[in-house]
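> Need the 3D shape of this:
(one chain, ligands or ions: 1)
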Amino acid sequence: MAIEDDVTVIGGGLAGMTAALAAAREGAAVRLLSHKESTLRSASGLVDVLGYDPDGNLRSDPFDAIPDLPESHPYRRVGVEGVREALALFDEVVGDRYRGGHTDRNALVPTHGGTVKPTARYPATTAAGLASDDRSVLLVGFESVTDFDAPLSADHLESAGVPFVARGATISFPGDFRVDAKITRFADALDADERIELAGDGYTTELPAREALAEAVKPHLRGEERVGFPALLGQHHTEEVRESLEAELGAAVFEVPMGPPSLPGMRLEGALVSACRDAGVRFTTGNPVVDFEDGESGRIAAIRVDRNGAAIPFHADQFVLATGGLVGKGIDSDREGVSEPIFDCHVPHPSDRYDWFADDAFGNHPFVRFGVETDDDLRPLDREGEPEFPNLRAVGAVLGGYDFPAEKSGSGVSLATGRTAGLSAAREVTK
Ligand SMILES: Cc1cc2nc3c(=O)[nH]c(=O)nc-3n(C[C@H](O)[C@H](O)[C@H](O)COP(=O)(O)OP(=O)(O)OC[C@H]3O[C@@H](n4cnc5c(N)ncnc54)[C@H](O)[C@@H]3O)c2cc1C
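Predicted structure coming up:
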């Protein structure tokens, strides 16, 4: 029997899951098809809405800046209210796991590189580390977690002009862990408060992991009021781990968001998957969507998944394209040009490859903004500016017209366009 849904979402990142959730809560039968891991697992777990405008000016209130963005920016399609509603949906899904919803203003969160990032929502575990707080900070790094150099990060923070004294110390994680242990292994030990064997002078002793970690930090504390660790304080009981460390150290404890693999990103992914499942979204994962079947009146009848060489059709009334950008493979590029591989949607770009890049390596590279353009209903537009298909919408990083690393707008665009497209798709079906 043919597989038939109301709404099929292609892509299991922040944009796709938000679209699927919004559509399912609106009453549609939703399936989400996803091939590989999304960027949620590499991203910091911070939810940036707009930190800088296209001229590079720091914006304290992202909502204030949206009306002045270029017409081609995805936020102009969904409007300020669309962004607000998407954040309200996010706040409801994550509950007390995230902070920032009490204000329109961006928070300033220290990153593992020692920069300060303007962001709209941040994990509760990072809250005690905000750069607007003037309490002194000790950053603690681990010898085996090489992408967080705590002393260097502290120096960078001070050079960035934070209003507090920052110092860093590098220690070895207590216990006999493999030298190549992954951060998830340390997180598991803290989650379970595993008993850790510690070698003393001619004797061994055992301590629960959280206490052992606090004991290893104490000799480095010089009265600092806050202690920051790389984000590995548990995968499932992070708040409990953080509170235990606070009690042991007598200082506020926070996590510093890290690069891949990102535990805050994975925790966020877990919360979104649960919310989608609770809303009735069906997940089909592990195989790529490769192409589609034409329907009547220019519509898409089905998309086809490649399963070991067999093309399996998935029929639906409405489709949402959430396959990511150049990183997620939702946008492809080769010597011939830039394309969207499933529906061959038009991706505006200069024909001369030399015009894709700026001369300066750190310059304003046009290729960062490559992606599909849409109408106000988020339907991809063809070369003539007409919707490619009446029943296809595009969301998240597959969209063009914005520069998420420079603007700090990645998650905000995914949430806002995902929610708007999910609702529109569901309403088409249920009207
Ligand atoms: C390293 C890194 C750090 C980041 N840090 C931040 C940050 O600190 N703050 C912030 O706000 N944003 C950050 N972002 C940006 C943010 O994560 C992304 O912009 C945003 O989440 C994009 O989400 P998406 O759902 O559109 O795409 P993706 O997360 O790329 O997901 C696309 C999904 O589509 C699937 N897919 C692709 N092609 C197919 C196919 N043919 N068939 C089936 N499935 C397919 C992929 O497997 C994947 O699951 C970061 C991004 C990266 C890469």
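
> element containing E158?
Remark: E158 resides in helix 150-159, with elements defined by DSSP states H and E.

> Check the model's average confidence along the helix or strand just after that helix for me.
With elements assigned by DSSP H and E, the helix or strand that comes after helix 150-159 is strand 166-171. Averaging pLDDT along strand 166-171 yields 97.

> Can you tell me the strand partners of strand 166-171 and which way each runs?
Each strand paired with strand 166-171, and its direction, by DSSP bridges: strand 137-142 (parallel).

> Report the inter-axis angle for the partner strand versus helix 150-159.
Going by axes from the mean of the first three to the mean of the last three CA atoms, to 10 degrees, strand 137-142 is angled at 150 degrees with respect to helix 150-159.

> Could you list the alpha-carbon positions for strand 137-142 in PDB?
Once non-C-alpha atoms are left out, strand 137-142 reads as follows in PDB (Å, rounded to 0.1, in the frame of the first residue of the first chain):
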ATOM      1  CA  VAL A 137      35.400  33.500  36.900                       C
ATOM      2  CA  LEU A 138      37.700  30.500  37.000                       C
ATOM      3  CA  LEU A 139      37.500  28.500  33.700                       C
ATOM      4  CA  VAL A 140      38.500  24.900  34.100                       C
ATOM      5  CA  GLY A 141      39.700  22.900  31.100                       C
ATOM      6  CA  PHE A 142      40.800  19.300  30.900                       C
END
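
> Show me the contact partners of that strand.
Contacts of strand 137-142 with the rest of the structure, by CB atoms under 8 Å, 6 or more residues apart in numbering, involve 129, 148-151, 153-154, 157, 164-173, 186, 217, 220-222, 224-230, 251, 256. In this view, the C-beta of every residue, glycine as well, is placed from N, C-alpha and C.

> Which among the residues you listed count as buried?
Neighbour counting by 16 or more other CB atoms under 10 Å classes 129, 148-150, 153-154, 157, 164-170, 173, 186, 217, 220-221, 224-230, 251, 256 among those as buried.

> C-alpha coordinates for the least confident helix or strand in the chain by mean pLDDT, CSV please?
Of the helices and strands making up the chain, the lowest-confidence element is strand 195-199, at a mean of 89, by mean pLDDT, DSSP states H and E. Coordinates of the C-alpha atoms in strand 195-199 are reproduced here as CSV (Å, rounded to 0.1, in the frame of the first residue of the first chain):
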residue,chain,number,x,y,z
ARG,A,195,32.8,5.9,41.8
ILE,A,196,36.2,7.0,40.6
GLU,A,197,39.4,5.4,41.7
LEU,A,198,42.1,7.9,42.7
ALA,A,199,45.7,7.1,43.2
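
> Just give me how far it sits from the chain centre.
36 Å (CA atoms, centre = their mean, to the nearest Å).

> For the residue of the chain most remote from its centre, identify the helix or strand it belongs to.
Here the chain reaches farthest from its C-alpha mean at G202, the gap being 47.5 Å by CA atoms, centre = their mean. In the assignment (DSSP H and E), G202 maps to no helix and no strand.

> Strand 195-199 and whichever strand or helix holds A214, what's the angle between them?
For A214, the element it lies in under DSSP H and E is helix 209-217. Computed with the same axes, to 10 degrees, the direction of helix 209-217 lies at 30 degrees from that of strand 195-199.

> need the helices for the stretch 251-400 of the chain, in chain order.
With DSSP state H, counting those that start in this stretch, the ranges of helices along the stretch 251-400 of the chain come out as 263-278.

> For the closest residue to A394 other than its chain neighbours, give me its contacts.
Excluding its sequence neighbours, the residue lying closest to A394 (CB to CB, 6 or more residues apart in numbering) is L321, at 4.4 Å. For L321, the residues meeting the contact criterion (CB under 8 Å, 6+ apart) are 10-11, 330, 340, 342-343, 345, 372, 380, 392-395, 398.

> Ramachandran coordinates for the closest residue to E225 other than its chain neighbours?
By the measure of CB to CB, 6+ apart, the closest residue to E225 outside its immediate chain neighbours is R135, 3.9 Å from it. Dihedral angles phi and psi of R135 (degrees, to the nearest 10) take the values phi -70, psi 140.
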